[in-house]
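Visitor: predicted model and sequence follow; I will ask about them next.
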Amino acid sequence: MVSQESPQLRQLVYISAAARLWTDEELAALLEQSRRRNEAEEVTGMLVYSDGSFMQVLEGTPESLSRVCDSVFDDQRHRGLITLIDQPIRERSFGGWSMGFARATRQDLLGLPGGNDFFAGGKCLSDIGSGEAKTLLAHFRRTNP
């Protein structure tokens, strides 16, 4: 298990658009690959996928995050990557997860506090800001132990 607390941890949250819609089998393969890499790098986090959009949180040391993010950011299976949050943290929010996963439906997004205001207007994950990202991640952290 990865240490929960360290003064040298960073958290990075990004959104991106999939180059095309992903199947359940493709998502499962991506998660397996990500979990192996993240365990080797002692990186934790969560991936949310919704209708062709990704949001991911990654936590680890600056060095390990740099190596993982180089790979993620160069991946041609998604585009339009925007970093929402890149900050030092005192402890991990996803400490026991090499890579948690949630598939968010439109109903899930509309059911979030404030989600109806944001997502009812046709917005998707790739339109989300840092405040909405924190709310969404906290929700999926609580509901996907």
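Guide: Ah, there it is.
Visitor: roughly how far apart are the residue lying closest to residue 64 once chain neighbours are set aside and residue 65?
Guide: Excluding the flanking residues, the one nearest residue 64 by CB to CB, 6 or more residues apart in numbering is residue 41, at 4.2 Å. C-betas here are computed from N, CA, C, even on glycine. Per CB to CB, to the nearest Å, residue 41 is found 8 Å from residue 65.
Visitor: per-residue pLDDT of the residue nearest to residue 64, please?
Guide: Here, the pLDDT recorded for residue 41 equals 95.
Visitor: and residue 71, what element?
Guide: Per DSSP states H and E, residue 71 falls inside helix 62-74.
Visitor: who's in contact with that helix?
Guide: The contact list for helix 62-74, computed with CB atoms under 8 Å, 6 or more residues apart in numbering, reads 8, 10, 12, 14, 37-38, 41-43, 56, 58-60, 81.
Visitor: give the buried subset of those as a PyMOL selection command.
Guide: Buried subset of the contacts of helix 62-74, written as a PyMOL selection, criterion 16 or more other CB atoms under 10 Å:
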select buried, resi 10+12+14+37+38+41+43+56+58+59+60+81
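Visitor: can you pull the contacts of residue 47?
Guide: The contact partners of residue 47, taken as CB under 8 Å, 6+ apart, are 30, 31, 34, 54, 55, 56, 99, 100, 101, 102.
Visitor: any idea which of these is least confident?
Guide: residue 102 (78).
Visitor: so it: helix, strand or coil?
Guide: Recorded secondary structure, residue 102: strand (DSSP: H, G, I helix; E, B strand; the rest coil).
Visitor: pretty sure it is touching residue 48, no?
Guide: Yes: in terms of CB atoms under 8 Å, residue 102 counts as a neighbour of residue 48; the distance is 5.0 Å.
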